[in-house]
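J.: Show me how the following folds:
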Amino acid sequence: MPTEPDDDELDLIRRSGVVLRVGKLSLSAGTGSYRVKASMARVARALDVDRHEAHVTLTEITTTSHRGRSFRTEVAEVRSLGVNTDRLAELEWMAQRLEARGKVTIDEVSAEVDRIAAKPPLYPVVLNALWAALACAAFAFLNNAGPIEIIGAFLGAGVGQGLRRVLLHKGFNQFGVTMLAAALSSVVYLWFVQLLHWAGLTGGVHEAGYVAAALFLVPGFPLVTGALDLAKLDFSAGVARLTWALMIFVSAAFAIWGVSIIVGLSPDPPRAMAMGLPALMALRVLASAVGVLGFALMFNSPWRMAVVAALVAMIPNTLRIAAVTLAGWPPQAAAAVAACLIGLLAAWIAPRMNVPRITVYVPAVTIMVPGVPAYRAVYYISNGDTMQALGYGVSAALIVTALAVGLAIARMLTDREWGFEH
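T.: Numbers count the residues shown, from 1 in each chain. Prediction:
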């Protein structure tokens with residue numbers, strides 16, 4: 001007959017359960033598997049667990065906690081995937097407090113976890129949509145869009161992100177919501193341009209900007225964290241996360257392609273703006289800061305954290321663009337150098353601001369993710385133009401890889417756990 005667990009075993013069950021809850025919260029907030037494991041290990045030590053081991057994928061966590069002669073293995077599934085940098089910061093601060101106090105009780109940690117899990121988003125739907133609108137407007141400018149395209153991208157992204165936020169919080173399928181948001185963003189942009197045309201305020205079609213209106217859907221966070229998981233040799237998590245990011249992107253891209261086919265437009269690159277170099281560089285610095293600020297706030301970052309990410313990114317991103325457009329660098333080389341610089345700056349400033357490094361450098365490099373070339377690749381492959389699609393697709397893949405390489409190099413230079421294999 002099965003025997004009832006003794007007091008020590010029941011105690012381990014409770015401790016293991018709390019540690020697993022921390023992992024589930026961390027994973028659902030969008031961080032990489034290496035950060036999930038680190039968070040659980042720190043809490044396990046504070047709870048006097050002798051040894052804690054974990055296997056983490058995109059949606060599953062398997063943990064084993066050892067204490068004395070007993071061990072407890074648990075498996076959990078996380079289906080609510082997203083990005084919540086405020087939750088990541090709260091979990092980091094909780095781990096710091098637990099480590100500083102030494103041994104803590106299970107009830108104390110459970111209360112902290114309950115508080116973090118119950119904390120609502122920092123910004124309501126309207127503000128969250130505004131942050132996406134600002135980010136896409138800045139993104140449009142950095143992709144050589146003019147004033148009309150920038151305003152159209154602002155309006156389209158705001159409406160699209162508002163719809164996306166509402167539907168995701170109601171539990172609708174992520175891929176379906178992504179397609180709806182992408183289509184709505186593009187349609188709102190095109191309606192805005194058409195209204196200007198009917199009013200006699202513009203004679204052009206301004207087709208180059210309708211892709212920028214949906215750039216808030218570019219899965220920068222999972223792309224970067226998935227690539228970093230691969231850099232840590234965590235292939236099961238890294239490949240799954242990159243696959244999820246690719247499916248999100250393809251969902252958005254096919255929706256935009258559908259709109260473009262209906263209205264007869266193509267996402268051709270816009271011509272560079274006629275502007276003096278000093279003014280252009282200054283505006284690029286400003287647009288880089290505003291774009292990263294918008295993405296960070298859209299990821300639910302507190303203002304202090306978002307401003308730090310914007311300040312870290314604005315100069316490296318501007319230098320990246322200048323290296324490509326003025327010095328003739330390959331885009332992937334410029335991306336790798338800029339990402340490495342951002343990683344080094346984040347490693348220096350994040351501990352001094354007491355914020356997790358990932359909440360600084362991921363929003364900072366998201367604005368460098370080549371969303372426009374990737375959308376063009378899907379457009380051309382859908383139209384059967386394989387050579388054009390291959391050119392844009394390979395370019396986008398190389399740049400994303402270069403961003404991950406740059407961040408990984410920065411981590412290896414500043415973090416002993418990344419520089420040595422254990």
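J.: what helix or strand is Phe71 on?
T.: strand 70-77 (DSSP states H and E).
J.: got it, and Val259?
T.: Element membership for Val259 (DSSP H and E) is helix 235-263.
J.: Then Cys340?
T.: helix 331-353.
J.: Okay, buried residues for the following helix or strand past that helix please.
T.: For helix 331-353, the following helix or strand on the C-terminal side (DSSP H and E) is helix 358-366. By 16 or more other C-beta atoms under 10 Å, the buried positions in helix 358-366 come out as Ile358, Thr359, Val360, Tyr361, Val362, Pro363, Ala364, Val365, Thr366. Every C-beta, even on glycine, is put in place using the N, C-alpha and C of the backbone.
J.: For these, give me TSV that also has pLDDT and distance to Gln96.
T.: Below are the buried residues of helix 358-366 laid out as TSV (pLDDT from 0 to 100; distance: C-beta to C-beta, whole Å):
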residue	pLDDT	distance to Gln96
Ile358	84	15
Thr359	86	14
Val360	90	16
Tyr361	87	19
Val362	86	20
Pro363	88	21
Ala364	90	22
Val365	90	25
Thr366	86	26
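J.: which one among the residues you listed gets closest to Thr325?
T.: Val365 (18.9 Å; C-beta to C-beta).
J.: residues in contact with that closest one?
T.: Applying C-beta atoms under 8 Å, 6 or more residues apart in numbering to Val365 gives the contacts Gly220, Val224, Ala313, Ala338, Ala339, Ile342, Leu403, Gly406, Leu407.
J.: returning to what we had before: tell me the helix or strand right after the helix holding Val259.
T.: helix 277-298.
J.: so how far is that following helix off the chain centroid?
T.: 18 Å (C-alpha atoms, centre = their mean, to the nearest Å).
J.: How about it, which residues are buried there?
T.: In helix 277-298, counting by 16+ other C-beta under 10 Å, buried: 280-281, 283-284, 287-298.
J.: any idea of the angle it forms with helix 331-353?
T.: Here the directions of helix 277-298 and helix 331-353 differ by 60 degrees (axes from the mean of the first three to the mean of the last three C-alpha atoms, to 10 degrees).
J.: Ile367 reaches Ala289, doesn't it?
T.: No - if you go by C-beta atoms under 8 Å, Ile367 and Ala289 don't touch, sitting 9.6 Å apart.
J.: intersection of neighbour lists for these two?
T.: Ala313.
J.: residues touching Ala287, list them.
T.: Per C-beta under 8 Å, 6+ apart, neighbours of Ala287: Ala138, Phe141, Leu142.
J.: What is the nearest of those residues to Val159?
T.: Distance to Val159, by C-beta to C-beta, is smallest for Ala138 among these, at 17.4 Å.
J.: The helix or strand where that closest one lies: which residues count as buried?
T.: Ala138 is part of helix 125-142 when elements are defined by DSSP H and E. With burial defined by 16+ other C-beta under 10 Å, the residues of helix 125-142 counted as buried are 128-142.
J.: Same question for stretch 155-166.
T.: Counting neighbours by 16+ other C-beta under 10 Å, one finds that the buried residues in stretch 155-166 are Leu155, Gly156, Ala157, Gly158, Val159, Gly160, Gln161, Gly162, Leu163, Arg164, Arg165.
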